[in-house]
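**Q** Coordinates only, no sequence provided:
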């Protein structure tokens with residue numbers, strides 16, 4: 001009888017070990033799935049932030065280029081509106097020779 005009880009205890013231990021292993025595998029699988037989901041979510045968020053930063057740089061570049069072109073056009077217009085510099089009829093050397 002004692003041997004039968006020992007066998008039943010061993011079988012119960014094996015069943016409990018198998019159940020514990022199955023439970024551990026299921027928990028590991030769930031943890032891996034959760035980690036993969038979290039990494040995918042964080043990756044998508046990082047990519048969105050990266051693309052937003054690129055878009056912001058492009059928008060600033062367009063705005064600054066427009067400002068620069070407008071300033072260059074205003075400078076060119078102001079230079080064209082200036083009266084031409086009067087030319088002197090002679091140079092200092094020519095004036096010195098005459099004297």
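**A** Sure thing, it's come through. Quick caveat, the model's predicted, so the values are computed rather than measured.
**Q** Tell me which other helices or strands the helix or strand residue 54 falls within touches.
**A** When elements are assigned from DSSP states H and E, residue 54 belongs to helix 2-81. With contacts taken as 3 or more CB pairs under 8 Å, 6 or more residues apart in numbering; DSSP states H and E, helix 2-81 sits against no other helix or strand. No exception for glycine: its C-beta is placed from N, CA and C like everyone else's.
**Q** Relative to the whole chain's centre, how far out is that helix?
**A** 13 Å (CA atoms, centre = their mean, to the nearest Å).
**Q** Low-confidence regions, this structure specifically.
**A** 1-12, 86-99 (pLDDT under 70).
**Q** ok, the spatially most central residue of it - contacts?
**A** The chain has residue 50 as the residue nearest its centroid, 2.2 Å off, counting by CA atoms, centre = their mean. Contact analysis of residue 50 by CB atoms under 8 Å, 6 or more residues apart in numbering lists nothing.
**Q** Roughly how far does it sit from residue 71?
**A** Look at residue 50 and residue 71: by CB to CB, to the nearest Å, they are 32 Å apart.
**Q** do the same with residue 79
**A** Counting by CB to CB, the gap from residue 79 to residue 71 is 12 Å.
**Q** Right, I'll leave it there.
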